[in-house]
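J.: need a structure here:
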Amino acid sequence: MAVLEPETIKNETGPVDMIHSIQIRGYRSFKNFQMDGLERVNLLVGTNNSGKTSVLEAIYLLMSRGDPFALWNVVWRRGERVTSTERGEPRTEIDVSHLFNGHQLEIGSTFSISAKNQTPERKVAFSIGEIKEQTSPQPAVPRQPGVPIVSRLGMHITGEPQPTVPVIPLNRSGAIDSNMLQAPSRVRRRSGGLEEEGTPAQFITAESLDGTDLISLWDKVQLTPNEARVLAALKFLDESIEQVRAQSSAQVYYERGGFIIKVAGREHPIPIGSMGDGMWRMMAMAIAIAHCKDGVLLVDEIDTGLHYTVMTNMWRLIFGAAKELNVQVFATTHSSDCIRSLAELCYLDREVESNVTLQRIESGNTHAVQYAAKEIEMAAERHIEVR
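T.: Have a look, this model is predicted:
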């Protein structure tokens, strides 16, 4: 079973103000963690295994209001899944125990995420508890006929705004069975789901989005002003690119399929996958941010595939789109070039300077170390290590 895609969450609460503070309790490696002073664009840095990606996941789950498909995506990409066999048939399960601090799954296990200084207020909590048969709520999505609830344990979800579902049943092994989530997000879109209502959260992993993801997102970008932004992003990497087009939204594409580009001096278009990692990465960010109006864009290892010479333009693209569309950006990096490029843009554009922060996450610390734009500029100028 492929990962559910694309990672889009329905907005039922109207425009979202920026998050100024995030608190995470009991999620993965964080017993209690807080990140303050957040701005329009926030770059997260830290050593390997410090929790940068976990922070992005937590924000994604918060913005999703505990949507079970978002939960499935978060666990699936980590490889936290197993395959069981029932009546001779293979069945995919996701092991949710790793979401909880200490990797322990028992009654009372809880993690929560909340945002401060935001309208509407947002908080979500996931806890393990019993499901009483006489008052059992409906599962996350309707079960297949003849598939019973085989456990009295469930992942209960509470929060503000009200979560999309109150509880996700767990099976005997304490995992979420794929039968409880049998409707992939692309099926829900075709039946008038996510894309119709807006998408205030987009999560781009370090592996980026695949062709099917981008094709589905492109349908609402083409022939709009956002299409020009995508072309501009590609021209940052190659000025000879004249046009970009999707081949067909009726097919399923994996990795980097589904798009062609017209290059000056060439009679025939070529697949964009032929142009390298950076081209695909830049296009994915430009398309995804167009779907985050009044919401949040989350990008893990934002500099993946990009040469340091184009990173300042990348940040210019991200900030310009974020300002225009009222998007708040959270990204991670290990690259000093990525940090210096952001510092350069802050120096060149004072509006950017007042809307950027760098957050250093250190394993075991309860608070991120915040750097304002001026401090980022100073560190870059003096070659001071802030990663």
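J.: mind listing the helices for this structure?
T.: Ranges of helices within the chain are 52-63, 68-77, 185-190, 194-197, 211-218, 225-237, 277-289, 311-325, 336-348, 350-353, 373-381, based on DSSP state H.
J.: Looking at these, which is nearest to A115?
T.: Across those, A115 has its closest neighbour in helix 52-63 (6.3 Å, CB to CB). To be clear about C-beta, it is placed using only N, CA and C from the backbone, and glycine gets the same treatment.
J.: on that earlier part again, output the helices of the chain as CSV; include the columns distance to S84 and mean pLDDT.
T.: CSV is the format used below for those (distance: least, CB to CB, whole Å; pLDDT from 0 to 100):
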stretch, distance to S84, mean pLDDT
helix 52-63, 25, 95
helix 68-77, 15, 88
helix 185-190, 23, 35
helix 194-197, 29, 36
helix 211-218, 27, 82
helix 225-237, 42, 87
helix 277-289, 34, 88
helix 311-325, 42, 91
helix 336-348, 41, 89
helix 350-353, 50, 87
helix 373-381, 48, 75
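J.: Output the ones you listed as a markdown table; include the columns distance to G154 and mean neighbour count.
T.: Shown next, in a markdown table, are the helices of the chain (distance: least, CB to CB, whole Å; neighbours: other CB atoms under 10 Å):
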| stretch | distance to G154 | mean neighbour count |
| --- | --- | --- |
| helix 52-63 | 17 | 24 |
| helix 68-77 | 11 | 22 |
| helix 185-190 | 22 | 16 |
| helix 194-197 | 24 | 16 |
| helix 211-218 | 30 | 23 |
| helix 225-237 | 40 | 18 |
| helix 277-289 | 32 | 24 |
| helix 311-325 | 37 | 20 |
| helix 336-348 | 41 | 21 |
| helix 350-353 | 46 | 15 |
| helix 373-381 | 45 | 18 |
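J.: Which of those helices sits closest to P269?
T.: helix 225-237 (12.9 Å).
J.: and that closest one, what other elements does it pack with?
T.: strand 241-246, helix 277-289, helix 311-325 (3 or more CB pairs under 8 Å, 6 or more residues apart in numbering; DSSP states H and E).
J.: Reformat these as TSV; add distance to N32.
T.: TSV is the format used below for the helices and strands packed on helix 225-237 (distance: least, CB to CB, whole Å):
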stretch	distance to N32
strand 241-246	45
helix 277-289	31
helix 311-325	29
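J.: so which of the ones you listed comes closest to G108?
T.: helix 277-289 (37.2 Å).
J.: Give me the helices and strands touching that closest one, please.
T.: strand 201-204, helix 211-218, helix 225-237, strand 296-299, helix 311-325.
J.: what is the orientation angle of that helix with strand 241-246?
T.: Computed by axes from the mean of the first three to the mean of the last three CA atoms, to 10 degrees, the angle separating helix 277-289 from strand 241-246 equals 60 degrees.
J.: what's next to helix 277-289, contact-wise?
T.: 202, 204, 208-209, 213-214, 217-218, 221, 226, 229-230, 232-234, 236-238, 244, 256, 259, 272-273, 297, 299, 302, 304-307, 310, 314, 317-318, 321-322, 325, 327, 329 (CB atoms under 8 Å, 6 or more residues apart in numbering).
J.: just stretch 107-124 next, same as before
T.: Residues contacting stretch 107-124 (CB under 8 Å, 6+ apart): 13-14, 16-28, 58-59, 61-63, 65-66, 99-101, 125-130, 153, 157-161, 163.
J.: sorry, back to before: of all the helices and strands packed on helix 225-237, which lies closest to N49?
T.: helix 277-289 (23.3 Å).
J.: How far away from the center of its chain is that closest one?
T.: The chain centre lies 14 Å from the centre of helix 277-289; the measure is CA atoms, centre = their mean, to the nearest Å.
J.: Please save the CA atoms from that helix in CSV.
T.: Output of helix 277-289 as CSV, limited to C-alpha atoms (Å, rounded to 0.1, in the frame of the first residue of the first chain):
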residue,chain,number,x,y,z
ASP,A,277,17.1,17.0,-8.3
GLY,A,278,17.1,20.7,-7.9
MET,A,279,14.7,21.4,-10.7
TRP,A,280,12.1,19.0,-9.2
ARG,A,281,12.6,20.3,-5.7
MET,A,282,12.1,23.9,-6.8
MET,A,283,9.0,23.1,-8.7
ALA,A,284,7.6,21.1,-5.8
MET,A,285,8.0,24.1,-3.4
ALA,A,286,6.5,26.6,-5.9
ILE,A,287,3.5,24.4,-6.6
ALA,A,288,2.9,23.4,-2.9
ILE,A,289,3.1,26.9,-1.5
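J.: Now do that helix against helix 311-325, angle only.
T.: Using the same axes, to 10 degrees: helix 277-289 against helix 311-325 is 10 degrees.
J.: just for the stretch 151-300 of the chain, where's the confidence low?
T.: Low-confidence segments of the stretch 151-300 of the chain (pLDDT under 70): 151, 179-199, 248-256.
J.: will you turn the helices of the chain into JSON lines that also has distance to T110?
T.: Formatted as JSON lines, these follow (distance: least, CB to CB, whole Å):
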{"stretch": "helix 52-63", "distance to T110": "13"}
{"stretch": "helix 68-77", "distance to T110": "15"}
{"stretch": "helix 185-190", "distance to T110": "27"}
{"stretch": "helix 194-197", "distance to T110": "28"}
{"stretch": "helix 211-218", "distance to T110": "32"}
{"stretch": "helix 225-237", "distance to T110": "40"}
{"stretch": "helix 277-289", "distance to T110": "31"}
{"stretch": "helix 311-325", "distance to T110": "33"}
{"stretch": "helix 336-348", "distance to T110": "35"}
{"stretch": "helix 350-353", "distance to T110": "39"}
{"stretch": "helix 373-381", "distance to T110": "36"}
